[in-house]
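Visitor: give me coordinates for this.
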Amino acid sequence: SGEGSEGREPMDATNYKALFTFNRAAGSFWYNSSLLEDSKTARLFCLFGWLMGQALCNHCTLGLELPPVLFQTLMQGDAFKPTMSVLRKFDPETARAIRNAAKLPEKDFKAMLDMQGSEQLSRSGYIQESVMDRLVGSVQWQSQALREGFLLAVDLKLLRDWSVTASDLCEMVCGPPVSASDSAWTVRSVFRVVEEEELREGRSMRPLVEELWSVVDG
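Guide: Numbers count the residues shown, from 1 in each chain. Okay, here's the model as predicted:
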């Protein structure tokens, strides 16, 4: 062991859960809402926020798909106001589920509120509270810790002076979004491939060759 390491508890990566999980509906990563709040995990979020800021300051990207709304909360902090429009852009499936629940017949709607302990909510209030919980309430401590670390590396006033938006910041830190056209490229569409004459002209080999390319392109 190195000098000065006596008494230190070695870090065991198996003791930590992922800070972010992939949301298929959103096509990006989001805070892991199953995490329990504790000082160690909060410090990890703070560290990751600092790394995000360092990526920005050093003109490099993380190569990690994070949604613009995450950067909106980084920039606005407590002033961030979640809306159905914001949720719909981030997680259309959850937004649709909330809207459908709010359209339930009165009896079913009240039964749902009773189960949730929210008997006094109106339909609009249910929507507002559900959106708030999805974007803020369930992940508030993670978001605050991440922002704390990010602000250690980045001056928000400069971003405002440069008129940087949340979408701009997202692309600056994470890299450009992967479009369908980017993900649909094939080897033969990018590189000039010359097949052996035997493969090119031999009919018996053609099915095998096409099967090979389907694997490579897939």
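Visitor: residues near residue 170, how many?
Guide: Other residues near residue 170 number 22, with proximity taken as other CB atoms under 10 Å. To be clear about C-beta, it is placed using only N, CA and C from the backbone, and glycine gets the same treatment.
Visitor: got it, and residue 54?
Guide: 17.
Visitor: could you tell me how many residues sit around the residue nearest to it when sequence neighbours are not counted?
Guide: Residue nearest to residue 54 in three dimensions, not counting chain neighbours: residue 153, with 5.3 Å by CB to CB, 6 or more residues apart in numbering. For residue 153, the count of nearby residues is 16 (other CB under 10 Å).
Visitor: for the one 4 residues further on, same thing?
Guide: Applying the criterion other CB under 10 Å, we find 8 residues in the vicinity of residue 157.
Visitor: am I right that it sits in a helix?
Guide: Yes. Under DSSP: H, G, I helix; E, B strand; the rest coil, residue 157 falls within a helix.
Visitor: what about it, distance to residue 164?
Guide: 11 Å (CB to CB, to the nearest Å).
Visitor: quick one: low-confidence parts of the chain?
Guide: 1-16, 178-209, 211-218 (pLDDT under 70).
Visitor: okay, helices next: where are they in it?
Guide: 39-57, 68-76, 84-90, 92-102, 106-116, 123-135, 140-153, 156-161, 166-174, 180-183, 187-190, 197-201, 206-217 (DSSP state H).
Visitor: between those, which gets nearest to residue 19?
Guide: Shortest distance between residue 19 and these, using CB to CB, is found for helix 39-57: 6.1 Å.
Visitor: residue 67 reaches residue 26, doesn't it?
Guide: Yes. With contacts counted by CB atoms under 8 Å, residue 67 reaches residue 26, the gap being 5.8 Å.
Visitor: higher neighbour count, the two?
Guide: More crowded of residue 67 and residue 26, by other CB under 10 Å: residue 67, with 22 against 19.
Visitor: do you know how far that one is from residue 155?
Guide: Separation of residue 67 from residue 155 (CB to CB): 23 Å.
Visitor: tally of neighbours for residue 150?
Guide: So residue 150, with other CB under 10 Å, has 25 neighbours.
Visitor: adjust the sequence numbering to begin at 579 for everything that follows.
Guide: Understood, numbering begins at 579; the last thing we discussed is residue 728.
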